[in-house]
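Student: I need the structure of the sequence given here:
(chains A, B, C and D)
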There are 4 protein chains.
Amino acid sequence: MRRRYKEEYEILIERLSEKGLNVDAIKARLKALEIETPSWAYADSGTRFGIFYQPGAAVTIQEKLEDAAQVHKFTGIAPSVAVHVLWDFPDGKVDGVKEYAEQLGLRIGSVNPNVFQDQCYKYGSVASPDPEVRRRAVKHIIDSIEIAKQVGSNILSLWFADGTNHPGQDDFRRRKNRIVECLQEVYEAMPEDMTMLIEYKFFEPAFYHTDIADWGMAYVFAQKCGERAKVLVDLGHHPHGTNIEHVVAFLIDEGKLGGFHFNNRKYADDDLTTGSINPYELFLILKEIVAAEEEANFKVAFMVDQAANIKPKIEEMIQTIVNIQIAYAKALLIPRDKLFEAQERCDVVMAEQILQDAFNADVMPLIMTVREEMGVPLDPLMAYRQSGYQQRIERERGIRKGAGGLGA
Amino acid sequence: MRRRYKEEYEILIERLSEKGLNVDAIKARLKALEIETPSWAYADSGTRFGIFYQPGAAVTIQEKLEDAAQVHKFTGIAPSVAVHVLWDFPDGKVDGVKEYAEQLGLRIGSVNPNVFQDQCYKYGSVASPDPEVRRRAVKHIIDSIEIAKQVGSNILSLWFADGTNHPGQDDFRRRKNRIVECLQEVYEAMPEDMTMLIEYKFFEPAFYHTDIADWGMAYVFAQKCGERAKVLVDLGHHPHGTNIEHVVAFLIDEGKLGGFHFNNRKYADDDLTTGSINPYELFLILKEIVAAEEEANFKVAFMVDQAANIKPKIEEMIQTIVNIQIAYAKALLIPRDKLFEAQERCDVVMAEQILQDAFNADVMPLIMTVREEMGVPLDPLMAYRQSGYQQRIERERGIRKGAGGLGA
Amino acid sequence: MRRRYKEEYEILIERLSEKGLNVDAIKARLKALEIETPSWAYADSGTRFGIFYQPGAAVTIQEKLEDAAQVHKFTGIAPSVAVHVLWDFPDGKVDGVKEYAEQLGLRIGSVNPNVFQDQCYKYGSVASPDPEVRRRAVKHIIDSIEIAKQVGSNILSLWFADGTNHPGQDDFRRRKNRIVECLQEVYEAMPEDMTMLIEYKFFEPAFYHTDIADWGMAYVFAQKCGERAKVLVDLGHHPHGTNIEHVVAFLIDEGKLGGFHFNNRKYADDDLTTGSINPYELFLILKEIVAAEEEANFKVAFMVDQAANIKPKIEEMIQTIVNIQIAYAKALLIPRDKLFEAQERCDVVMAEQILQDAFNADVMPLIMTVREEMGVPLDPLMAYRQSGYQQRIERERGIRKGAGGLGA
Amino acid sequence: MRRRYKEEYEILIERLSEKGLNVDAIKARLKALEIETPSWAYADSGTRFGIFYQPGAAVTIQEKLEDAAQVHKFTGIAPSVAVHVLWDFPDGKVDGVKEYAEQLGLRIGSVNPNVFQDQCYKYGSVASPDPEVRRRAVKHIIDSIEIAKQVGSNILSLWFADGTNHPGQDDFRRRKNRIVECLQEVYEAMPEDMTMLIEYKFFEPAFYHTDIADWGMAYVFAQKCGERAKVLVDLGHHPHGTNIEHVVAFLIDEGKLGGFHFNNRKYADDDLTTGSINPYELFLILKEIVAAEEEANFKVAFMVDQAANIKPKIEEMIQTIVNIQIAYAKALLIPRDKLFEAQERCDVVMAEQILQDAFNADVMPLIMTVREEMGVPLDPLMAYRQSGYQQRIERERGIRKGAGGLGA
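Tutor: Down below sits the predicted model:
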C-alpha cells in the first residue's frame, strides 16, 4: 500500500496546473470511464493444444455476471457485460438475465451472435457457398437482435470466422457479395437505436484468407449498410507493425469507429492482458480517443476481449481494467495545446517529449484519489484477493470441464 | 534452347482442349499482354548503405528509353515506359521525348511526380504542416499533369513518402484532411480522360506512420476524389502474410483497382525481381485479373517497379517481363468453369488441385509459339545477351556516379 | 489423365541429358524417397474456436495405421508412421502395433512423447518451476524410449510447449538450465542407435516466450546433449520472412540437421498442406537436401506435420506426399555444376535462371514414369477417390467426437 | 522544471526501502552506467530515398567528438565514442584522435571496420566468392585492429552486410565456410585483451539472405573463433515478435553476450530513438542485464546505433541516453527476491505486477537526485537547448552535403 499518495497527489496536481491542465476535468473523465467485460472471459479457455481448467471458472450466465460484478465492485468502472448468444443463452432463453444483472449492479452490453461453432459453418456463415447456411446464419443474428432488445442492449457486435484455408477453395468476390447481402438484411432488422459493430481479423481460424481481413474491408461493409454500422477494432487483429493508433484516428475522422476489443499480443491474436506487452501503444491509442471525446457526438464502446488461459480469470480482468485506467489517465495528462504548437513548428523532439512526459508520469496518486472519491478500494487487485471470493468459488464451483464457451 | 517445343506444344494444346480451354483465345490474350517498365529501373539504384554503380546504367531519359526499347524488342510485350518527372525532366522540359519514344517503338506511360526528394519535404508534402510546402507539392503535381498531356499519357501515378518518424510528431487527422484537400485540387485539374492512381505503402521512408499506409486509406482518398481516382497496388507494400490476391479481388469488385507495381519481396519493400520469391502468389494474383478481364470495362495498368541493385538492369527487366508472362499464361490455363463447380460443391481438394495443375504446367512451349508468331526471339534473355547491346553501353556510357534517380 | 506422358517423358529426358543430368540416377533417387506421415493427421483436428468433425476420421492407432497404409499404397513413398505416445497408446500398451504396421506394409517411425496436454503442465514440463512436474515429464519421455524400442523405432522426436504467457511469469535462465538437465538425462537413457530430435517453435501455445524458440536454442540444447541429438525443422515454426533454406543449409553444415516437419503456412503455424502457399520455397529447401544427400553419412528424417481441418484427411495426405515428390523431383533437375560455375563468376541472373528453369519444368511425365515402374497408380489422388475406401470408412466409422488427439 | 523533486524523492526512497531495495546501491549503479554513442550518429543520414541535410551535422572525426562531448557534458553517462574506420579515418590516419577525445573528456570505444561500402563488396566481403575480395576485407579488419590499439580501444565490432539478393546467387554453405576462415584469421590477429563482437541482422541491405542472419549464426561463428568472440545484439535486427529479452538472457547464460546496439523500431531496422516505440520492452531487456551485472565477470558494452534522419542529432542522442537511463533505473527498482518468490509459487499475476509496478514508477526524482550529485544538469535536453551550442554549429558549420558517412 502506498501510504503517502495524498502528498504525491498534491505535488502532481501542482505540476499539472503549471502545464495548464484542469485536474477537476481530468478527475471527472476518469470517473466517467466505463469498460465492458465479456461474459466468456470468466469461463475456461485455451488453445488448440488444450485447455487448462481453472477451479471456479464460470459456466452459467449467472455465474459470469456474478464474477463480472466483482470486477465492477473492486474497480468501479466495469458496469456492463458483453454476452455471447450461443454460450450464454444456449436454449435461447434470456428470462431474468437483465434483472439479475441489474440486481448485481450491472447492465448487459453488446450482444454477440455466434455463427462459427456449429458444424454447418465449416465453409463459412454469411459467406458460405451454401444458401441454406447463409439463411441460418442470418436467422441466428436476427434472433440475437431480439435477445438484445430483451436484455436492454443496443449494440450488435459481429465477428465472422469466415474465410478459406486453401487457395482456390472459394471465390473471393462471390463471398464478398454474399456478405453484403446478409449484412444489409441484418441491418434492416435492427431497431433504430441499435448500432452494428463489424469486426475484422487478419487471420485465424481461417488460414489462407479471412473474408473481413482488415479495417478497410470492415469499413466498406459498414458503408454499404448505413450510418449505424461501424467498425470494431480488436487490438490483436492486425499484422505486425500496424500503426493501430493511426487506423483508429482514421476511422474516427470518418465517423466509423464503433468500438474496441482491448487486449494485447506479442505474436498473433494472443489475447493477452491489455497493456502487458506494449503499454505505450495502448497510451497512444487512447490519446486519439481522449482527443475525439471532446468532439460532439463521439461515442465508442470500450470492451475487453481476452483469454486468461493461465491467470485466474477475475484477477486478470481486474488487472486489465486497471491497466486501461492507467493508460487513459496518462493520455488525459497530455497538454494538447502545447502538443499542437510543437507540431505546427515541427519541433519533433519536443512534441515527442510531451507524450513521453505524460506517459512516464506516475498517475497512481491521481487514480487513488479518484478511487477514494468513488468509494472503491485503493488497490483493487489486493482487495479482491483479500475478499475471499476467489476461494469461495473455487471451493463451491470446483472444476467443471467442457463448459462455458471458448476464448475468442 | 528447347528444340522440340513444337511437339510439346501439340501435346499441351491437346490437353488444354480436353479441359475445355480455347487455345486460340489464350494465345490472343498472351499477345495482347502489355507491361510497362519504369524509366528509373534503368538507372543506378541502391540501399541506404550505398549504391553499387553499374557500367552502362542510363542517366538521361533518352538512354532510359533506349534501354526500355531493348526490353520491348526482345519480349514484344513492354511497349510503354513510366516516367519520373523530377529525374527524367529535371528542367521541366519534355521536348521531343514523346517523339523519341515513338521512334523507338515505345510510348510514354504513367507519369510520376516526385514530392519527396526535395529538402522542403522533410516533414511531408501534401500532408506537411506547412501550407507553403503543400502549395509547392500541389503545384508540382499539376505541372506533372501538363507534362503528361505533352507526352501523351493519361495516367497520373501518385506515391507519397509522407509520414512521421516519431510518436507525437504530427496529428494523424490534420494530416489526413490536408491530403484530402490537396488531392481534390489535383483531381479537378486533371483532363477528363486522365486516371489518378493512388499508391499506398506500409512503411519506409517514414518509420512511425505512413499517411497512406494501406489499401483502405488509398481507397478512402480515391473515393473522396471521384470515379477516375483509383488504387495502385505495389506488391511489396504490405505487411507480411497479407493476402494480396484477396485485396486485389476486393478492389476489382469495388471498381477501384487502377494498377500494379510488380516486384517481389522476402522481407520489406525489397523491390526484387517479380516472381523470384513466391511465383505462386503472383499466379494467384493474376488469376483474379484474368477473371476480371472478361468483364466489361475492366482496365488495369501493369507496371513494374523494381531496383536491380546487383543484377544488370536490362537483363533483370527482361527476366521480369518473362516471369510475369509465364505466370499470366499459367493463370490463363485455369479451367474456371470447373473451378467454380468444385467451389460450389465445397470440393476443396479438387478446387485447389485445379489451380496447382495450371501452375505446374510447363507453359514454355505455348509461350515460345506465341513469340514465334509475334516475331520476337524464342529466348529473350539469351538473345539479348548475344545482341552485343550490353557490351556497347558498358563501353560507351561507362560508370557515371550520382545520376539518374533513386530506386523506388 | 495424361495420356501422352510417355512422349513427354522422352522429350524431357533428352533435355535433361543435354544439361548433363543422369536420368537413371534421378529416377533411382525418386524411388528411394521416403516421407513419414503422422498418426495424428488421420484424427480430427481443429483450432481454438472448435473442431469440424469428419466422418471416418481415425480414433485408434489401428485405424490410423490403416489410413496411413492407404497413403503408402497409392503413392509408394510413405512407408512409415510417426506415433504420438499419449494419443496412440493411451494406456501405455503397444502390443501388436509393430506387427499390425508390418502387416499393412508399414513401419513405425518417430516416437513423440506428449508433455503438454496434462493439467500438470500448465506452467511447463521440463522447464516447469516445479521439480515434481519435471520428474514426471522426464519419466514420460523415458517411458517413450521404451515404447520406441518395442515398436522398432530409433527416433525420439521432442517438442515442448514450454513457455510463458506473461512478462515476469518465470525466469528465462532458470528455465533454460532446467531443460538442459532434463534433456541430458533423457539422452543418457537412449540406446546407442537412437537419435533425439529437438524441435523449436517461434510461439504458440505460449504467447510471451517459448523456451525453445528458434533453431539456435535447439542447436545449443542439442550440443549440450551429444552427437545423436539434432535439430528438427518444422516449416511453420519461424517468424515471417525467415530464410528457411538458409537455416537448413547452416544446420546441415554443422551436422545438426535431424529432420523435418513438412507443412506450409501463410500466417502463423497454420499447418496447411505442404507446398500449398509457397511451392518455390519448398523447392529451395529441398535443393539443399538434394545437395547434402550426395555427401557421406547425411541422413535426415522427412516427416509431415499438418492439420487438415476442412480437407478430407487421407486425400490431403496424398496431396501432400505428391507435392513433396514434385518439389523433390524439380530439385533433382538442377544442374549443380552449372549452378556453381555461374555462382563462381557472379553471374547472378544465370544462377537464378538455372533454379527457375528447374522449378518451371513439368516433372509429371518423369514422376508418372517412376510410378509406373514402382507399380503405383499414375494419379494417386484420383485412384484413391475411386477406390471406395473413403466411402467405406465414412460409413463404418461415422463421426466420433472427442477422440484421437489434437492437430499439432 | 520539476521544482519539488526532492520531496518526491523522499517519498520514493521510503517506498523503495519498504520493498527491501537499497537506494544507495541503486544510485551507485545509476552513476556507474555508461553508454557509448557512435560517431556516425552526428553526421547526416537518410534512407534510400534521400538524405535530409541538417545544418551543423558533423563531418570530421573532430566535430563528431565535439558533439559527443556535448552529450556527455549534459548527461554525464556517455563517456565513450564508437568509431567507424572508413568514415572517421578516411586516410587511415588516427594521429591525435585519442588525445583530442581525452581533451574533450571522452575515450574511444568500439572500433568498426567497414567492409560493405566499397564497390568491390558488391557480392560480399568475407563471404565473397572472390578470394581477392576476402583478402582485402580481412586486411581492412586487421588494419582496424591496429587503429584500435592506437586509439586505446579493445573492442572490435564487426557487422557484415554480406548476403544475397536472389535465390541461387551463391551457395550458403560455401559462404559460411569462407566466413569462418576469415573470422578465425582476424581473431588470431587480435591482442589478448581485445574482444570481438559479431553482429547479426535479419535482412538489409541483402534481401534474399543475410549470411549472419540471427543470433544463432553469430553464436556459432563466435564459438568457432574463441572465448573473446561474442555476440552483439542490435535491437532492430530481429523479425517481428522476437522476444529479445529471452535471446539476451540465453546469450548471457552462455557467456556469449558481448554488447548492444540500442535503438528502436516499429517495422524493419528503423534505427529510431531507443525506447520510443516500446519502452516496456527496453525495460524487460535491461532487467536481464541488471540481474547479470550482479554476477562475477559479467561485462557488456552499451552502445547506441541510430539514425536521426529528421530530429536534430545531438538532441536526439541526449533524448536517447535519458531514455536508457530511465529504463535502467526502473529495472533497478525491481525487488528481485520478491519476483523469484512469486515465480516459484507460480503466482503469475503477482510476478507480472512486480514488473509493472517498477515500470510505472516515476524515477525522475531519483534520476534528478543522481544528476545533482554528479553535477550535471537536472534536465539535460533543456540545458542543451539553452546552451547555444546547436545555434553555433548550425551557423559555423552550415550544411555540407555528402560527407560524414551513412546511418547504419
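
Student: buried ones in stretch A:29-43?
Tutor: Buried residues in stretch A:29-43, defined by neighbour count with 16 or more other CB atoms under 10 Å in any protein chain shown: A:29-30, A:33, A:35-43. Where C-beta positions appear, they are placed from N, C-alpha and C, glycine not excepted.

Student: mind checking which of the residues you listed are in strands?
Tutor: Members of the buried residues of stretch A:29-43 lying in strands (criterion: DSSP state E): A:37-38.

Student: tell me which of the buried residues of stretch A:29-43 is nearest to residue D:267?
Tutor: Of all those, residue A:35 has the smallest distance to residue D:267: 30.3 Å, by CB to CB.

Student: kindly provide the distance from residue A:354 to residue A:330.
Tutor: As judged by CB to CB, to the nearest Å, residue A:354 and residue A:330 stand 12 Å apart.

Student: smallest gap between the stretch 1-150 of chain A and chain C, at which residue?
Tutor: Of all residues in the stretch 1-150 of chain A, the one sitting closest to chain C is residue A:47 (4.0 Å; CB to the nearest CB).

Student: separation between the closest residue to that residue other than its chain neighbours and chain B?
Tutor: Residue nearest to residue A:47 in three dimensions, not counting chain neighbours: residue C:205, with 4.0 Å by CB to CB, 6 or more residues apart in numbering or on different chains. Separation of residue C:205 from chain B (CB to the nearest CB, to the nearest Å): 20 Å.

Student: try residue A:50
Tutor: Taking CB to the nearest CB as the measure, residue A:50 falls 26 Å from chain B.

Student: which residue packs closest to that residue, ignoring adjacent ones?
Tutor: Using CB to CB, 6+ apart, the closest residue to residue A:50 is residue C:117 (4.9 Å).

Student: and for residue A:130?
Tutor: Using CB to CB, 6+ apart, the nearest residue to residue A:130 is residue A:123, at 7.1 Å.

Student: now residue A:371, nearest residue through space, not along the chain?
Tutor: According to CB to CB, 6+ apart, the nearest residue to residue A:371 is residue A:378 (5.5 Å).

Student: any low-confidence regions in chain A?
Tutor: Low-confidence segments of chain A (pLDDT under 70): A:1, A:402-408.

Student: next up, the contacts around residue A:127.
Tutor: A:134, A:160, A:162-163, A:170, A:175-176, A:178-179, A:211 (CB atoms under 8 Å, 6 or more residues apart in numbering or on different chains).

Student: mind checking the SS state of it?
Tutor: Secondary structure, DSSP: H, G, I helix; E, B strand; the rest coil: residue A:127 is coil.

Student: so how far is chain D from it?
Tutor: Relative to chain D, and taking CB to the nearest CB, residue A:127 is found at 29 Å.

Student: try residue A:179
Tutor: As judged by CB to the nearest CB, residue A:179 and chain D stand 30 Å apart.

Student: quick check: buried residues in the host helix or strand of that residue?
Tutor: If you go by DSSP states H and E, residue A:179 is part of helix A:172-189. Buried residues in helix A:172-189, counting neighbours by 16+ other CB under 10 Å, are found at A:172-176, A:178-180, A:182-183, A:185-187, A:189.

Student: please see if it touches chain C.
Tutor: No: using CB under 8 Å from any CB of the partner chain, we find that helix A:172-189 stays clear of chain C, coming within 14.5 Å at best.

Student: for the residue nearest to residue A:50, phi and psi?
Tutor: Per-residue torsions, residue C:117: phi -90, psi -30 (degrees, to the nearest 10).

Student: residues near it, how many?
Tutor: Neighbourhood size, residue C:117 [other CB atoms under 10 Å in any protein chain shown]: 16.

Student: could you pull up the residues touching residue A:2?
Tutor: Each residue near residue A:2 by CB under 8 Å, 6+ apart is listed here: A:8, A:364-365, A:368, A:378, D:15.

Student: go on, residue A:89?
Tutor: Counting by CB under 8 Å, 6+ apart, residue A:89 makes contact with A:61, A:83, A:97, A:147.

Student: contact partners for the third one?
Tutor: If a contact means CB under 8 Å, 6+ apart, then residue A:97 has A:61, A:65, A:83, A:88-89, A:108, A:151 as its contacts.
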